[in-house]
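Q: Show me the folded form of this:
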Amino acid sequence: QVQLVESGGGLVQAGGSLRLSCAASGRTFSSYAMGWFRQAPRKEREFVARISRSGGRTYYADSVKGRFTISRDNAKNTVYLQMNSLKPEDTAVYYCAADIVTASSRPDDYDYWGQGTQVTVSS
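A: You can find the predicted model right below:
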């Protein structure tokens, strides 16, 4: 079992940057592929980015490609999401998730979820 705690959200102006962190408990963090998802009010949860167990492979939603970067530090049991050139449409609650099987873009494939952190981008 793994517990996930996100941090780093906040209010930022359009064009600004934020870095989200997701700290995982347990000694098996490197066994999990990790993903970031987001959910805006009245919308379904959507995929943002994912990273393989070693960090060697990453994949992004088209809406964030070139602006967001996912990374992980297995020694620190932490996954990050660097968000640059933020837009008002990036406003959402951001969640990290852990997948024991493989990196996926589907929320249902993930086994563990954090509580989320709010990101608000003002225009």
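
Q: Quick check on S30: phi, psi?
A: phi -70, psi -10 (degrees, to the nearest 10).

Q: neighbours of I70, just the number please.
A: 22 (other Cβ atoms under 10 Å). (C-beta placed from N, C-alpha, C; glycine too.)

Q: repeat for G114
A: 23.

Q: try S52
A: Using other Cβ under 10 Å, S52 has 15 other residues around it.

Q: For it, give me phi and psi.
A: Dihedral angles (degrees, to the nearest 10) for S52: phi -70, psi 170.

Q: That one touches N74, doesn't it?
A: No. Checked against Cβ atoms under 8 Å, the pair S52 and N74 is beyond contact range at 11.1 Å.

Q: Any idea how many residues pack against the nearest residue to Q39 once chain neighbours are set aside?
A: Spatial nearest neighbour of Q39, excluding adjacent residues (Cβ to Cβ, 6 or more residues apart in numbering): R45 at 4.3 Å. Around R45 sit 17 other residues, with neighbours defined as other Cβ under 10 Å.

Q: And the one 5 residues further on, by the same measure?
A: If you count neighbours by other Cβ under 10 Å, R50 ends up with 25.
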